[in-house]
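*Asks:* The following block contains a protein sequence and its predicted model.
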Amino acid sequence: MNSPVKDRIRMVVFLVERQRYGLPLEIVERILRAVEVTPLPQAPEIVLGAIDVEGRVLPVLNLRRRLGLPERTIEPIQQLVLAQTARRTVVLVIDEVVEVAEMPETGIVEPAQVAPGLEHLRGVAQLADGLVLIYDLERFLSLEEECALDRALEEEEATDAR
């Protein structure tokens, strides 16, 4: 007998430096091809800049920096994931989307059970072809980074209004 739908979670699985990460499908707005990112003065170091998506100025977060991966110039072959947090829509630069996978919620292991220092992860899931690190966007930015980003976006909007 199949598990009820409520006991399963659908994830957008993507690659960054050949490592698989996931975000819950319900928070992913869409996937776009990479575009040029405009720097945001006064933004925290973890923010690459901003892009305009249909009139919305959205912050582009530096996933590589947060994960301790080597920096890389954004290339047209890369993709952008637009995702919702409780406070805002954010953009992540990724190498490519691999799939939308479905898994049982009970199959997700708490990050603390895997290793210390994984506070930006919601959990780790085992799929048929390997592990997926499930990202928790609600914990991506610290409170100080959130406040600095708010100020930088307000400044950008004020500059655009002039």
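*Replies:* Looks like it came in fine.

*Asks:* what comes into contact with the longest helix along the chain?
*Replies:* For the chain, the helix with the greatest residue count under DSSP state H is helix 143-161. Contact with helix 143-161 is made by 40-44, 46-47, 50, 57, 59, 87, 141, as judged by C-beta atoms under 8 Å, 6 or more residues apart in numbering. The C-beta positions use only the backbone N, C-alpha and C, and glycine is treated the same way.

*Asks:* ok, of those, which one's closest to Gln113?
*Replies:* The nearest member of the contacts of helix 143-161 to Gln113, counting by C-beta to C-beta, is Leu141 at 24.5 Å.

*Asks:* which residues make contact with the host helix or strand of Ala83 from outside it?
*Replies:* Counting by DSSP states H and E, the element that carries Ala83 is strand 79-84. Here strand 79-84 makes contact (C-beta under 8 Å, 6+ apart) with 12, 14, 23, 27-35, 51, 53, 58, 60, 89-97, 137.

*Asks:* Return the distance of the longest helix of the chain from the chain's centre.
*Replies:* Taking C-alpha atoms, centre = their mean, to the nearest Å, one finds helix 143-161 lying 19 Å from the centre of the chain it belongs to.

*Asks:* Please work out the average pLDDT along it.
*Replies:* Helix 143-161 comes out with an average pLDDT of 83.

*Asks:* From the contacts of strand 79-84, which land in helices?
*Replies:* Among the contacts of strand 79-84, no member falls in helices (criterion: DSSP H).

*Asks:* and the residue nearest to Leu40 when sequence neighbours are not counted, how many neighbours?
*Replies:* Excluding the flanking residues, the one nearest Leu40 by C-beta to C-beta, 6 or more residues apart in numbering is Ala152, at 4.6 Å. If you count neighbours by other C-beta atoms under 10 Å, Ala152 ends up with 20.

*Asks:* Distance of Ala152 relative to His120?
*Replies:* Distance check for Ala152 against His120: by C-beta to C-beta, to the nearest Å, it reads 21 Å.
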